[in-house]
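> Build me a structure from this.
(chains A and B)
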Number of protein chains: 2
Amino acid sequence: MEDPCEKAEGRDIVRYDVVVVGSGTGGYPAAVYLAGKGLKVAVVEEHLIGGECTNYGCVPSKAFYQIAEAIRSIGKVGGEASVKWGSLVDWVKSMVKESREGIQGLFESHGVNVLNGKAVLKTPHEIVVEEGSGKAVIEAGKVLLAPGSNPSTVPGVVFDGIGVLSNREALYMQEKPESMLIIGGGVIGVELANAFSSLGISITLVELMDHILPSMDRDIAQALKTHLSSRGVKILEKTSTRSISRIGDRYVAELSNGERLEVDKVLVATGRTPRTSGIGLVENGVQLDRRGFIKINERQETTVPAVYAAGDAVGGPLLAHKAILESISAAKWMAGEEGFRIDYRAIPVTIFTGLEVASIGYSEKELTSIGVKYVKVRIPAYYLSAVKIKGGKQSFIKVLLDERLEKVLGIHVVAPNASEVISAYIPLYLGKLCFREAARTPYPHLTVSESLRDLAEYILGEPVHLLRK
Amino acid sequence: MEDPCEKAEGRDIVRYDVVVVGSGTGGYPAAVYLAGKGLKVAVVEEHLIGGECTNYGCVPSKAFYQIAEAIRSIGKVGGEASVKWGSLVDWVKSMVKESREGIQGLFESHGVNVLNGKAVLKTPHEIVVEEGSGKAVIEAGKVLLAPGSNPSTVPGVVFDGIGVLSNREALYMQEKPESMLIIGGGVIGVELANAFSSLGISITLVELMDHILPSMDRDIAQALKTHLSSRGVKILEKTSTRSISRIGDRYVAELSNGERLEVDKVLVATGRTPRTSGIGLVENGVQLDRRGFIKINERQETTVPAVYAAGDAVGGPLLAHKAILESISAAKWMAGEEGFRIDYRAIPVTIFTGLEVASIGYSEKELTSIGVKYVKVRIPAYYLSAVKIKGGKQSFIKVLLDERLEKVLGIHVVAPNASEVISAYIPLYLGKLCFREAARTPYPHLTVSESLRDLAEYILGEPVHLLRK
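All right, here's what the predicted structure looks like:
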């Protein structure tokens, strides 16, 4: 593996205080933070600045989502809306480009060097940057690994880049397909089912488990299923895809229920695989868990000293806001400061589906599985005028409390705007706000956040906006 | 004034523990709360259940707003949206009806009696309910006055119910006008300017003071002006309307700048007048302030024992969420419980205008006027992908701190979704959350609420999502 030319060039090797592998949400915050502390920082990015979230995840999917919801709004008052697919995709691209340029701007303003290429660990302090046929070696005092994750697939289904797609291709389809099969009813699957169906694509979604959003409670899944079904999404649970075959421009899927489905496109959204092989990790002693995620300690450090890791590649909830916090915490430890321990339970899961879902803390399923007794308080949310106007008869808010009603164990908001609203609920989960205070806080009218006042009143036994418990 | 027939019927007078005058947001929460405590409660409503907010304010205006924003969203990606005015108004009406029925449902489920008619105090414990030519007298142990407010007008302009309108008629126009003059750049004026212009009405808005939203800081007004102007609203500041004359189906306005404007409709949105005359208040010793608002003490009690008041009629910020809290606090005092003192400064003002505004605490203007020194921290918000996608280049967040940077004096969010987002910021204002905690809280990505994390990092001197201060 040793290349004599490389050795010869050894004395020209550029040395950085910190090299960050990956410019996504697990990588860029640390790079910016450390450069802000005066360290010499390089980011190595194999593909596009910003990583999965900016280029193939949160940003383009939420851009589609916004227009999809607008079309639904027009439709519900009997109006008509039409959007040219090409213009929409161009706009989505421009949003992604702006977000990417935002991160580039942060790098520039903080003096972070960006190196394009694939980073492979040669030693824990030497990184080979491979770009095309060229190679360069850089030296790093410390390394932050934030290589991210790739879309997983399922047996019998192979991404072909034409019609069997991952999120990466699905968000940039040149033409609008008439029909699509979505394999996997997790967050990505339901979000794109919602957005694409609103944009006029006929969607069938299959989920292997007995309900969509299998990691969440059944009542949440049921509410979302009813909502998506009312929007025309065909949902098949306890169903798998036996095979996919291409016939001309179309695809035929044989489902486990015996159904034979012919569609234009197939989107596989069955999970993520960490991007941790082939980049010199195990070879250098960076241990992975059995699923390939990088093992880290409470200081975000891997099993190799001075090599840290953050983001999707370390596992946990694969969410951008988790990655951002981990990245900043890692940066603090790397800078010799006190980082912070991340409470993974407190990371909200948000699902952008018109009837949005935002969950923090434990689900009933989890509490039951670990044998913790709890009290469930569940209020409908359709009584709120904001919910009536935005739509979502299935809306509700569920709070799980310990038996003494002293500690909030979980909060689940199923309602339009839930992704913003959960941030108002977070202090309740963190114990920063008690129910009596929430009941007296003037959360603004007409919002979904004012449900927090009503929920608190309800729990205190003094509901005035809800039927008495 | 004494009617012998009424006296003769005296022994049939129904006695209630509490009579609530007005079923709006100042009235219904107290009625429901007190009935929930087992008291015999009547609500007297002269017009429609739910009062101004439900019937002519928050609910219909936000219903229009939702569709208006959807049309803007479609437009920005080059799409086309058309909504029939009649269908839209029908839908708005259905939303209002549902909200009204929600309050009716609360009354029914709690056993609150609703009496239709105008309530006039005969004595502090006797109320005449006038309906048509009929009259009934009821007895009340205690009274809660929540009569609300009426639209004000300006000299030279008279509501004619045809083309010179208040919010009440403007939200139910049978046909879509081509053009409209809005007099008054306060909250109602700018909200309807935004919604109606998005729905295709050509809007000119005139504001007497030197900027729209005169009670807010100039930078907020300027951002909103730029935003509304970019949406086609013509804004004239330091301008008044000298006269309005009707010519056929149209109206001609002579403006103070010499301009002569011909429009289909004129909306007057120049403030509110409390509905406190002609209902026996002063006659019974209920003191009003010089502007006609009911004087109350810290227990929501008027100058007459056992007569309480809440909502628009007591002044302060004329907002539904203020009225709800006052109503519940009044109810608690009336029930012999400990009510709560309302911190009027902590009542958020929210403005629903695409680029939304949400303010809590002091403005710079106010701090300057009372001679309090402050430190201003202002971050742009367009760096957030959620803001890019929803639109709003003028977005920013401004936090005013005391000189020691220990206390938050004011928070001003100018961004899409601000009305929901401010609820996440409230704990910061209330001192329940410190910046260090906010910087480590995983507010979800892509939301506008995550600005809270970034703002906190910025204030702590460790910004990773913003250019360094």
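
> Give me the residue ranges of chain A where confidence is low.
Residue ranges of chain A with pLDDT under 70: A:1-11, A:468-469.

> Grab the longest strand from it for me.
For chain A, the strand with the greatest residue count under DSSP state E is strand A:134-145.

> Sheet partners, orientation included, of that strand?
strand A:14-21 (parallel), strand A:126-131 (antiparallel), strand A:307-309 (parallel) (DSSP bridges).

> for the longest one, which positions count as buried?
Within strand A:14-21, the residues that qualify as buried are A:Y16, A:D17, A:V18, A:V19, A:V20, A:V21, counting by 16 or more other C-beta atoms under 10 Å in any protein chain shown. C-beta: built from backbone N, CA, C; applies to glycine.

> what residue is smack in the middle of chain A?
A:L319 (3.7 Å; C-alpha atoms, centre = their mean).

> Pull the contacting residues for the closest residue to that one other than its chain neighbours.
Closest residue in space to A:L319, ignoring its immediate chain neighbours: A:I347 at 6.2 Å, by C-beta to C-beta, 6 or more residues apart in numbering or on different chains. Counting by C-beta atoms under 8 Å, 6 or more residues apart in numbering or on different chains, A:I347 touches A:G316, A:P317, A:L319, A:H321, A:K322, A:L325, A:I360, B:P442.

> Let's have those in TSV, adding distance to A:I397 and secondary structure.
Compiled in TSV, the contacts of A:I347 are given as follows (distance: C-beta to C-beta, whole Å; DSSP: H, G, I helix; E, B strand; the rest coil):
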residue	distance to A:I397	secondary structure
A:G316	25	coil
A:P317	21	coil
A:L319	21	coil
A:H321	21	helix
A:K322	23	helix
A:L325	25	helix
A:I360	12	strand
B:P442	20	coil
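
> I'd like to know which of those are buried.
A:P317, A:L319, A:H321, A:K322, A:L325, A:I360, B:P442.

> mind listing what the second one touches?
Translated: A:L319. So A:L319 contacts A:I347, A:V349, A:T350, B:P444, B:H445 (C-beta under 8 Å, 6+ apart).

> So it versus A:Q394, what's the distance?
Counting by C-beta to C-beta, to the nearest Å, the gap from A:L319 to A:Q394 is 24 Å.

> Same question for A:Y16.
51 Å.

> One more: A:L355?
According to C-beta to C-beta, A:L355 and A:Q394 sit 6 Å apart.

> and the lengthiest helix in chain A, which residues are buried?
For chain A, the helix with the greatest residue count under DSSP state H is helix A:85-110. Neighbour-count burial for helix A:85-110 flags A:88-89, A:91-92, A:95-96, A:98-100, A:102-104, A:106-107, A:110 (criterion: 16+ other C-beta under 10 Å).

> Which stretches in the stretch 151-300 of chain A count as strands?
A:164-165, A:179-183, A:202-206, A:234-236, A:241-247, A:250-255, A:260-263, A:265-268, A:272-274 (DSSP state E, counting those that start in this stretch).

> Please identify the most buried of these.
With neighbours taken as mean count of other C-beta atoms under 10 Å in any protein chain shown, the strands of the stretch 151-300 of chain A reach their highest mean count in strand A:265-268, at a mean of 26.

> Can I get the buried ones among the contacts of A:I347 in JSON lines including distance to A:G184?
As requested, the buried ones among the contacts of A:I347 are exported to JSON lines (distance: C-beta to C-beta, whole Å):
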{"residue": "A:P317", "distance to A:G184": "17"}
{"residue": "A:L319", "distance to A:G184": "17"}
{"residue": "A:H321", "distance to A:G184": "22"}
{"residue": "A:K322", "distance to A:G184": "20"}
{"residue": "A:L325", "distance to A:G184": "26"}
{"residue": "A:I360", "distance to A:G184": "23"}
{"residue": "B:P442", "distance to A:G184": "24"}
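
> Could you identify the most distant pair in these?
A:L325 and A:I360 (13.8 Å; C-beta to C-beta).

> so who does A:A313 touch?
A:G22, A:G26, A:L145, A:A146, A:P147, A:G148, A:S149, A:P274, A:R275, A:T276, A:F293, A:I294.

> Now intersect those with the helices, please.
Per DSSP H, the contacts of A:A313 never map to helices.

> out of those residues, who has the most neighbours?
For the contacts of A:A313, the largest neighbour count, defined by other C-beta atoms under 10 Å in any protein chain shown, is 33 neighbours, found at A:G26.

> wait, doesn't that residue sit right on A:S329?
No - using C-beta atoms under 8 Å, A:G26 makes no contact with A:S329, being 11.0 Å away.

> Common neighbours of these two, please.
A:A310.

> Closest to B:G200 out of the buried ones among the contacts of A:I347?
Using C-beta to C-beta, A:H321 comes nearest to B:G200 of those, at 38.7 Å.

> surely the closest one meets B:E450?
Yes - with contact defined as C-beta under 8 Å, A:H321 and B:E450 form a contacting pair (6.7 Å).

> what do the two both touch?
B:Y443, B:P444.

> Helices along chain A, start to end?
A:4-8, A:28-36, A:51-56, A:58-76, A:85-110, A:167-170, A:187-198, A:218-230, A:320-334, A:364-369, A:385-390, A:418-429, A:435-439, A:451-459.

> can you redo those helices as TSV with distance to B:L384?
Conversion of the helices of chain A to TSV gives the following (distance: least, C-beta to C-beta, whole Å):
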stretch	distance to B:L384
helix A:4-8	42
helix A:28-36	14
helix A:51-56	12
helix A:58-76	11
helix A:85-110	9
helix A:167-170	22
helix A:187-198	19
helix A:218-230	26
helix A:320-334	12
helix A:364-369	31
helix A:385-390	21
helix A:418-429	12
helix A:435-439	26
helix A:451-459	23
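
> Redo those as JSON lines? Include distance to chain B.
Listed next are the helices of chain A as JSON lines, based on distance: least, C-beta to the nearest C-beta, whole Å:
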{"stretch": "helix A:4-8", "distance to chain B": "34"}
{"stretch": "helix A:28-36", "distance to chain B": "4"}
{"stretch": "helix A:51-56", "distance to chain B": "7"}
{"stretch": "helix A:58-76", "distance to chain B": "4"}
{"stretch": "helix A:85-110", "distance to chain B": "4"}
{"stretch": "helix A:167-170", "distance to chain B": "15"}
{"stretch": "helix A:187-198", "distance to chain B": "11"}
{"stretch": "helix A:218-230", "distance to chain B": "16"}
{"stretch": "helix A:320-334", "distance to chain B": "4"}
{"stretch": "helix A:364-369", "distance to chain B": "18"}
{"stretch": "helix A:385-390", "distance to chain B": "5"}
{"stretch": "helix A:418-429", "distance to chain B": "4"}
{"stretch": "helix A:435-439", "distance to chain B": "7"}
{"stretch": "helix A:451-459", "distance to chain B": "7"}
